[in-house]
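K.L.:
got a sequence here, can you build the structure:
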Amino acid sequence: MLEPGQKAPDFTLPDQDGEQVSLASLRGETIVLYFYPRADTPGCTTQACGIRDRDAEYAAAGARVIGVSPDEPEALKKFAGKYDLGFTLLGDPDHSVADAYGAWGEKSMYGKKYMGIVRTTFIIDGDGKVAAVFPKVQPKKHDGLVLKALGEMAAA
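P.N.:
Reported below is the predicted structural model:
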């Protein structure tokens, strides 16, 4: 898992419209990069709708939110449309970006172990460095934690 102060690995992934988005092209912006297991599942929907509902607070903090999951662009587009999500969703079907960030790992459900996305959020500063990491974040608590950290960054 990446830690604060480390350079955020660059990537290029397709968004919900099939357009390529690279982290390098966003240099100068504060990015909230969150990894979630799968579009349109209960926890992921709670998390995405929380971000949508607090969009003005993220904008006021000067942060751009980007969600990353192993879904294909078609599934992301359907998810974004269904819940009126106004932020970028990226597809990482081979989980290479999740691997690079340490957000791909062993999980267990009902005693069965499997590999998947470990719900994790990174704040990346305008210089491309990791400013904060929130591992195993709970969907309902996500926005409070991230917005508090963005406020602390702005005050520093």
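K.L.:
Met153 contacts Val130, correct?
P.N.:
No - Met153 is not in contact with Val130 according to CB atoms under 8 Å; the separation is 11.9 Å. Every residue, glycine included, has its C-beta placed from N, CA and C.
K.L.:
give me the common contacts of those two.
P.N.:
By CB atoms under 8 Å, 6 or more residues apart in numbering, Met153 and Val130 have these common neighbours: Ile123.
K.L.:
and these two? which has more neighbours close in?
P.N.:
Val130 (20 against 16; other CB atoms under 10 Å).
K.L.:
and the one helix or strand that one maps to, what's its mean pLDDT?
P.N.:
In the assignment (DSSP states H and E), Val130 maps to strand 130-135. Averaging pLDDT along strand 130-135 yields 97.
K.L.:
tell me the buried residues in whichever helix or strand comes after that strand?
P.N.:
Counting by DSSP H and E, the element after strand 130-135 in chain order, helix or strand, is helix 142-155. Neighbour counts using 16 or more other CB atoms under 10 Å place His142, Asp143, Val146, Leu147, Ala149, Leu150, Met153 of helix 142-155 among the buried residues.
K.L.:
from Pro93, how far out is the third one?
P.N.:
To Pro93, Val146 is 25 Å away according to CB to CB, to the nearest Å.
K.L.:
other SSEs contacting the helix or strand in which Leu90 is found?
P.N.:
Leu90 is part of strand 88-91 when elements are defined by DSSP H and E. Applying 3 or more CB pairs under 8 Å, 6 or more residues apart in numbering; DSSP states H and E, one finds that strand 88-91 contacts strand 12-14, strand 63-69, helix 73-82.
K.L.:
please save the CA atoms from the second one in PDB.
P.N.:
Right, strand 63-69. Taking C-alpha atoms only, strand 63-69 is exported to PDB below (Å, rounded to 0.1, in the frame of the first residue of the first chain):
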ATOM      1  CA  ALA A  63     -10.700  18.400  -5.200                       C
ATOM      2  CA  ARG A  64     -11.600  16.300  -8.200                       C
ATOM      3  CA  VAL A  65     -13.000  12.800  -7.400                       C
ATOM      4  CA  ILE A  66     -12.200   9.800  -9.500                       C
ATOM      5  CA  GLY A  67     -13.500   6.300  -8.800                       C
ATOM      6  CA  VAL A  68     -11.700   3.200 -10.000                       C
ATOM      7  CA  SER A  69     -13.100  -0.300 -10.200                       C
END
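K.L.:
who touches it?
P.N.:
13, 21, 26, 29-39, 44, 48, 51, 58, 76, 87-92, 97-98, 103, 117, 123, 150.
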